[in-house]
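A.B. asks: Just a sequence and a predicted model for now, questions to come.
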Amino acid sequence: MTRMTSAEAIVECMKREHVERVFCVPGESYLPLMEAIYNENGIELISNRHEGGAAFMAEGYAKTSNMPAVVMATRGVGAANLSIGIHTAYQDSTPMVVFLGQVHTKFRGREGFQEMELDRFLEQATKWGVEIRDPERTTELVQRAFRIAKSGRPGPVVVSLPENVLPEKAEMRFAQSTTISKPALSSQQVEEILSQLKKAERPVIIAGGGVKLSNGEEALQSFSEKTNIPVMASFRRHDVLSNDHQLYCGHLGLGTPATQIETVQQADVIFAIGTRLSEVTTQDYSLLKSEQTLIHIDIEPDILGRVFPPEFGFVADAKAALHSLTAAIKERDYTKWNKWSDERRETFLSSSRMEDIQELEWPISYKGIIQAFNELCPMDTIITNDAGNFATWMHNFHIFTGRKSYAGPTSGAMGYGLPAGVGAKMASPERPVIVFAGDGGFMMTLQEVETAVRNKTPVIVLVFNNSSYGTIRMHQEKTFPDHVIGTELSNVNYSKLAEALGARGISIDSVTHFREAFKEALQEIDRPTIMELKMNPNQVSVGMQLMS
């Protein structure tokens, strides 16, 4: 038992969970908590320019480090601004603990200054919410918050902190730091899965974020190599298996080439592991058919059968499950699938070539930039991206090779790329971090360039500037041709904006210029580089062009 303030106890809980960075926009409602962090040398406070940026930065940090994100804001207004990043953490299964300052308990129910029932307000986008009303229960509730955020299918948890509770002292009792259970398959379940796979003529693995969260990438590779089953990555989980591996056969996402999707359509047995089989992954819930056998493993029981009823559904940690399955395989000869896996690999390689892609004439082409990027991108690079059709070029034509090399929002949130990239760089300062962003999304969190400058975080941002909300323009033209409304934007000079914020700003005028500037940017050690690429607004996607 130790006597300390509620705020000090929260920081001690953070220490026990090995938290090294906390992201926030400061607020007077939780000043005692900020003071407690000030007095703790092992935790760095990152002050952001907007709560949405803070949440995205924390989420990108967590995705790259595989540690829980911690983010703080004040009362209802801060919570509202944080909500986009909280929702992203929820849909992306990213562990996050959110501490929100709250009004004095004596003022509750009177519509006090910025008052809101914070746990209820965010309950649709969180795993759990709680308000600390008794100082002596601080450690119990905060340690429970970390446990829930990290356990099962990870996600965000909200802790509401009334301002009068934080400075109060109480006798605090601390439990051990959170130990995450890793449920495993029984020997009978292992045999059932392998028995079904042996019957297959055209099996395929759909691997999702649960593999990454369990650090199961090596286990996936070992299992696929021992069985010779082709692997498809779920939406924005490209790095679940190195894309240059013989058994990697593509991704399931937005703008995925039809020939890659056919790998799943032609399969007779689908082994889905660590994926919730989302709307995007399953192409609007249409990809899997009743005549296919679905084997589904996930750590969260509620995921199984939510979208497609599995013939065999088991609750297990992805890494533990894959290890058990690999260890149980006695036969080493799975040559009956060689032709199938080789065929699907060749289909992936064919659809990943850009030679036949046609673009409208323009000084800078997406094709040229991606080709140059692929040649110059270091092997250990981490990529983050914003929402937009520009990302389809990266999705379809970049080869991801490193583990934890991609942090993209499965929630499709605009404004994610820049702050998430800064968070990723803070988590892995030795690795290059490249951000892909469109001008629409980049402008939403542009202010976090200053956060990167202040913290000497040298991310490289590629801003594909077509002066429009290009993805929406594409859908607009498909649904209401020639009726352009709301999607045209002005031509902002982002390189000058970057310079005004203290970053390196470069306006790229050719692919040759890009190559030179990109090489220089990779050598930058203490400030971000913003590379503005002015793109043709009529090239709205890989396969769609508009007439002027």
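C.D. replies: Right, received. Where do you want to start?
A.B. asks: Quick check: which helices or strands does the lengthiest helix in the chain pack against?
C.D. replies: Secondary structure of the chain per DSSP state H: the longest helix is helix 75-91. In terms of contacts (3 or more CB pairs under 8 Å, 6 or more residues apart in numbering; DSSP states H and E), helix 75-91 is packed against helix 51-65, strand 69-74, strand 96-102, helix 118-121, strand 156-162. Every residue, glycine included, has its C-beta placed from N, CA and C.
A.B. asks: how does it look with 10 Å?
C.D. replies: Contacts defined by 3 or more CB pairs under 10 Å, 6 or more residues apart in numbering; DSSP states H and E place helix 75-91 against strand 21-24, helix 51-65, strand 69-74, strand 96-102, helix 118-121, strand 156-162, helix 417-427.
A.B. asks: Report the angle between it and helix 51-65.
C.D. replies: Helix 75-91 runs at 30 degrees relative to helix 51-65, counting by axes from the mean of the first three to the mean of the last three CA atoms, to 10 degrees.
A.B. asks: Just the pLDDT for the closest residue to residue 65 other than its chain neighbours.
C.D. replies: Take residue 65 and drop its neighbours on the chain: the residue closest to it by CB to CB, 6 or more residues apart in numbering is residue 427, 3.9 Å away. You'll see residue 427 listed with a pLDDT of 97.
A.B. asks: My understanding was that residue 427 contacts residue 64; is that so?
C.D. replies: Yes - at 4.0 Å, residue 427 and residue 64 qualify as touching, with contact defined as CB atoms under 10 Å.
A.B. asks: if we can go back for a sec, tell me the spacing between the residue nearest to residue 65 and residue 304.
C.D. replies: In this view, residue 427 and residue 304 are 31 Å apart by CB to CB, to the nearest Å.
A.B. asks: How about residue 516?
C.D. replies: Residue 516 is 52 Å from residue 304, by CB to CB.
A.B. asks: neighbour count winner among the two?
C.D. replies: In this view residue 516 and residue 304 are compared by other CB atoms under 10 Å, and residue 304 has more residues nearby, 21 against 12.
A.B. asks: how about the nearest residue to that one, chain neighbours excluded?
C.D. replies: Using CB to CB, 6+ apart, the nearest residue to residue 304 is residue 313, at 3.8 Å.
A.B. asks: Surely that neighbour is within a helix?
C.D. replies: No - with DSSP: H, G, I helix; E, B strand; the rest coil as the criterion, residue 313 is strand rather than part of a helix.
A.B. asks: How about stretch 369-387, which residues are buried there?
C.D. replies: Residues of stretch 369-387 classed as buried: 369-370, 373, 377, 381-387 (neighbour count, 16 or more other CB atoms under 10 Å).
A.B. asks: Okay, now the sheet partners of the helix or strand harbouring residue 435, with direction.
C.D. replies: For residue 435, the host element (DSSP states H and E) is strand 433-438. Paired neighbours of strand 433-438 in the sheet (DSSP bridges): strand 382-385 (parallel), strand 460-465 (parallel).
A.B. asks: right, and these - which one's nearest residue 6?
C.D. replies: strand 382-385 (35.1 Å; CB to CB).
A.B. asks: Which parts of the stretch 401-548 of the chain are strands?
C.D. replies: 406-407, 433-438, 460-465, 504-508, 529-534 (DSSP state E, counting those that start in this stretch).
A.B. asks: Let me know the pLDDT of residue 333.
C.D. replies: 60.
A.B. asks: ugh, wrong one, I meant residue 79
C.D. replies: Value for residue 79, per-residue pLDDT: 93.
A.B. asks: quick one: it from residue 199, how far?
C.D. replies: 51 Å.
A.B. asks: More neighbours: those two, which one.
C.D. replies: The neighbour comparison of residue 79 against residue 199 (other CB under 10 Å) goes to residue 79, with 25 against 11.
A.B. asks: wait, what's in contact with that one?
C.D. replies: 51, 73, 86, 98, 100-102, 114, 116-119, 121-122, 158, 160 (CB atoms under 10 Å, 6 or more residues apart in numbering).
A.B. asks: before we move on, back to that, partners of the residue nearest to residue 304 in the sheet?
C.D. replies: Assigned bridge partners for residue 313, using DSSP bridges, are residue 296.
A.B. asks: Just give the number of residues close to it.
C.D. replies: 17.
A.B. asks: now swap in the one 4 residues further on and tell me
C.D. replies: Close neighbours of residue 317, defined as other CB under 10 Å, add up to 26.
A.B. asks: How about it, nearest residue that isn't a chain neighbour?
C.D. replies: Per CB to CB, 6+ apart, closest to residue 317 is residue 182, 3.9 Å.
A.B. asks: for residue 28, same thing?
C.D. replies: Looking at residue 28 with CB to CB, 6+ apart, the closest residue is residue 74, at 7.0 Å.
A.B. asks: before we move on, back to that, between the strands paired with strand 433-438, which one is nearest to residue 499?
C.D. replies: Proximity to residue 499, assessed across the strands paired with strand 433-438 by CB to CB, is greatest for strand 460-465 (13.2 Å).
A.B. asks: Can you show me the CA trace of the closest one as PDB?
C.D. replies: The C-alpha trace of strand 460-465 is given here as PDB (Å, rounded to 0.1, in the frame of the first residue of the first chain):
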ATOM      1  CA  ILE A 460       8.900  12.100 -45.400                       C
ATOM      2  CA  VAL A 461       5.500  13.000 -46.600                       C
ATOM      3  CA  LEU A 462       4.400  12.600 -50.300                       C
ATOM      4  CA  VAL A 463       1.500  14.900 -50.900                       C
ATOM      5  CA  PHE A 464      -0.400  13.900 -54.100                       C
ATOM      6  CA  ASN A 465      -2.000  17.300 -54.800                       C
END
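A.B. asks: Just want the angle from it to strand 504-508.
C.D. replies: Using the same axes, to 10 degrees: strand 460-465 against strand 504-508 is 40 degrees.
A.B. asks: Strand 460-465: how far from the chain's middle?
C.D. replies: Strand 460-465 has its C-alpha centroid displaced from the chain centroid by 19 Å (CA atoms, centre = their mean, to the nearest Å).
A.B. asks: what number of residues lie near residue 328?
C.D. replies: 13.
A.B. asks: What values do phi and psi take at the residue lying closest to it once chain neighbours are set aside?
C.D. replies: Sequence neighbours aside, residue 190 is the residue nearest to residue 328 in space, at 4.8 Å (criterion: CB to CB, 6+ apart). Dihedral angles of residue 190 (phi, psi; degrees, to the nearest 10) stand at phi -60, psi -50.
A.B. asks: isn't residue 190 right next to residue 330, touching?
C.D. replies: No - with contact defined as CB under 10 Å, residue 190 does not count as touching residue 330 (11.7 Å).
A.B. asks: So these two - more neighbours on which side?
C.D. replies: Counted by other CB under 10 Å, residue 190 and residue 330 do not tie: residue 190 has more neighbours, with 20 against 6.
A.B. asks: which residues touch that one?
C.D. replies: Contacts of residue 190 (CB under 10 Å, 6+ apart): 184, 314, 316, 321, 324-329.
A.B. asks: Narrow the residues you listed to those in helices?
C.D. replies: 321, 324-328.
A.B. asks: Just name the closest of these to residue 542, please.
C.D. replies: residue 321 (35.5 Å).
A.B. asks: which parts of stretch 496-511 are buried?
C.D. replies: For stretch 496-511, by 16+ other CB under 10 Å, it's 497-498, 501, 503-508, 511.
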